[in-house]
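Q: Sequence and predicted structure are below.
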Amino acid sequence: MRRNAVRLILAGLVALAAVLAGVGAPAQAAVPDSPAVTYTNPIAEQRADPHIYKHTDGYYYFTATVPAYDRIVLRRATTIQGLSTAQEVTIWTKHSSGVMGAHIWAPEIHFIDGKWYVYFAAGSTSDVWAIRMYVLEGTGANPLTATWAEKGQIKTTWESFSLDSTTFVVNGVRYLAWAQRNPSEDNNTSLFIARMTNPWTISGTAAEISQPTLSWETVGYKVNEGPALIQHGGKVFMTYSASATDANYCLGMLTASATADLTDPASWTKGTQPVFTSNASTSQYGPGHNSFTVSEDGKSDILVYHDRSYKDITGDPLNDPNRRTRVQKVYWKADGTPDFGIPVADGVTPQRFSSYNYADRFIRHWEYRARIEANVSPLADSQFRVVTGLAGTGTVSLESAGFPGYYLRHKNFEVWLEKNDGTSAFASDASFYRRAGLADSAGVSYESYNYAGRYVRHYNYVLYVQTPSTATDKGDATFYAQ
């Protein structure tokens with residue numbers, strides 16, 4: 001008994017020593033489930049209300065509002081970037097008189113039960129503001145060459161201004177969501193949802209799930225419109241656009257459980273603040289009317305939206321043709337909610353870099369000092385555009401997403417975010433050679449351009465350029481692009 005007791009005590013001491021030895025030790029991160037994807041914006045000039053649908057045939061299908069408001073166009077490519085140069089085909093043109101004769105707006109394309117469907121809004125030649133929702137049905141494998149038939153108007157509770165219909169399936173149930181003028185309310189449009197009996201018919205009573213009441217929803221016009229749905233982690237998130245279609249245009253968001261009755265207004269919770277707004281630093285104004293798609297590898301959610309590159313508009317914003325289609329990656333917070341960040345600058349979209357040793361920590365700048373940190377807010381503080389190195393010769397530089405023109409550079413071997421001053425010294429300090437990860441070739445390590453053998457690494461969560469020697473050093477100098 002005494003011998004067994006001694007053995008138990010010794011075993012306990014060994015276990016305790018192992019635990020103590022592990023305190024503060026990093027746990028090697030797994031390669032992220034959602035690796036980095038980058039695109040070059042804009043995807044399409046003068047294309048508003050964009051909708052990109054990834055089909056099982058390997059193609060992305062893209063449709064959007066054209067400035068003339070007179071037709072429905074469609075293009076396809078095997079990559080999102082490829083849509084920029086893909087041939088565009090007109091699949092339907094407005095009627096010469098009567099309904100569907102004016103203001104052809106916000107088309108969306110979907111594949112349902114073996115056929116293609118395009119949802120769109122249109123006015124009448126006798127009243128261009130008599131906007132209603134309509135559906136086209138396409139027969140054929142390729143919608144660019146399909147035979148299209150008009151299925152008519154989607155009938156709702158009232159004959160009133162209605163637009164921006166979108167369809168989706170949650171838990172095996174197909175729904176339609178849209179924006180409509182409720183005659184009993186003092187606003188322009190509210191959001192509604194209903195189940196569907198077929199792709200052009202709703203069933204039951206439509207439920208109103210949001211109306212514009214908050215200050216940022218009522219600038220210029222009192223608007224909730226352009227609903228779009230994304231599902232993640234047992235929840236559904238419905239983004240929508242609010243306010244006038246100028247620089248005040250922005251995205252709000254509703255949240256519900258995926259197992260809830262989505263036609264019950266009580267199932268939805270509205271955020272008190274917009275989730276995506278104009279950003280003067282990146283010269284992006286009026287981001288809105290979004291949709292969602294997925295990356296080519298299926299591992300990243302992609303936000304699709306339009307905006308303008310300037311703030312001031314002369315005359316009615318609807319007559320300004322320069323809304324353009326853009327895309328950027330959606331990130332997911334630890335609590336399972338989406339983080340859209342800011343509308344990023346034109347050009348290549350940014351990435352995030354997580355630590356090899358600390359999976360939840362990302363490179364970020366805080367008061368211009370570079371470090372790694374979890375749960376970064378605002379998101380843009382942890383996003384960097386990997387651009388051609390300021391020093392050239394095969395190098396790269398890391399430009400802040402939220403502060404264009406500011407780059408990560410080393411100074412006294414500490415890494416800071418600073419504005420490019422145009423000097424050769426800055427260019428050298430802000431340029432790096434991109435190497436395979438020192439601890440994992442699936443990751444990335446950044447070697448200093450002007451100090452060979454020194455790499456960006458974190459130490460006590462702060463970034464330096466140092467010469468890694470131990471396995472821990474090499475892990476601290478390895479990052480995963482996300």
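A: Nice, I can see it. Here the structure is a predicted model, which is why all the values come from computation and not from measurement. Numbering: from 1, shown residues only.
Q: from here on, contacts and neighbour counts on C-alpha atoms
A: Noted.
Q: give me the number of residues near the nearest residue to G220 once chain neighbours are set aside?
A: Nearest non-adjacent residue to G220, counting by CA to CA, 6 or more residues apart in numbering: A244, 5.1 Å away. Counted by other CA atoms under 10 Å, the residues lying close to A244 total 21.
Q: May I see the buried residues of stretch 181-198?
A: Residues of stretch 181-198 classed as buried: 181-182, 187-196 (neighbour count, 16 or more other CA atoms under 10 Å).
Q: tell me the two of those that are most distant?
A: Greatest spatial distance in the buried residues of stretch 181-198: N187 and M196, 26.3 Å, computed using CA to CA.
Q: still on that earlier bit, the residue nearest to G220 touches W216, doesn't it?
A: No - with contact defined as CA atoms under 8 Å, A244 does not reach W216; the gap is 9.9 Å.
Q: Please tabulate the buried residues of stretch 181-198 in CSV, including the columns pLDDT and distance to C250.
A: Output for the buried residues of stretch 181-198, formatted as CSV (pLDDT from 0 to 100; distance: CA to CA, whole Å):
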residue, pLDDT, distance to C250
R181, 98, 19
N182, 98, 21
N187, 97, 17
N188, 98, 16
T189, 98, 15
S190, 98, 15
L191, 98, 15
F192, 98, 19
I193, 98, 21
A194, 98, 24
R195, 98, 27
M196, 98, 28
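Q: pretty sure T197 is touching S203, no?
A: Yes - using CA under 8 Å, T197 makes contact with S203 at a distance of 5.8 Å.
Q: rewinding a little: distance of the residue nearest to G220 from Y285?
A: 12 Å (CA to CA, to the nearest Å).
Q: for the residue most central in space within the chain, what are its contacts?
A: In the chain, the centroid-proximal residue (CA atoms, centre = their mean) is L303; its distance is 2.8 Å. When contacts are counted by CA atoms under 8 Å, 6 or more residues apart in numbering, L303 touches 290-293, 327-330, 340.
Q: wait, is it part of a helix?
A: No - using DSSP: H, G, I helix; E, B strand; the rest coil, the assignment for L303 is strand, not a helix.
Q: and stretch 423-436, what's its mean pLDDT?
A: Mean pLDDT, computed over stretch 423-436, is 98.
Q: mind listing what's buried in that stretch?
A: Buried residues in stretch 423-436, counted by 16+ other CA under 10 Å: 426-434.
Q: just stretch 158-177 next, same as before
A: 160-168, 170, 174-177.
Q: Likewise for stretch 81-93?
A: 81, 83-84, 91.
Q: Let me see the backbone angles for A266.
A: The phi and psi values for A266, taken as degrees, to the nearest 10, are phi -70, psi -10.
Q: what residues does stretch 475-482 touch?
A: Residues contacting stretch 475-482 (CA under 8 Å, 6+ apart): 31-32, 34-37, 351-357, 437-440, 442-446, 455-459, 468.
Q: Just the buried ones from those residues?
A: Here, 16+ other CA under 10 Å leaves 31, 36-37, 351-357, 437-440, 443-446, 455-458, 468 buried among those.
Q: Downstream of the lowest-mean-pLDDT helix or strand in the chain, the next helix or strand is which one?
A: Within the chain, no helix or strand scores below helix 2-22, which has a mean of 38 by mean pLDDT, DSSP states H and E. Using DSSP states H and E, the next helix or strand after helix 2-22 towards the C-terminus is strand 40-41.
Q: wait, R352 sits on H365?
A: No - counting by CA under 8 Å, H365 is not a contact partner of R352; they are 11.8 Å apart.
Q: so what sits against both of those two?
A: S382.
Q: Provide the partner residues of V444 in its beta bridges.
A: Beta-bridge partners for V444, by DSSP bridges, are A436, F479.
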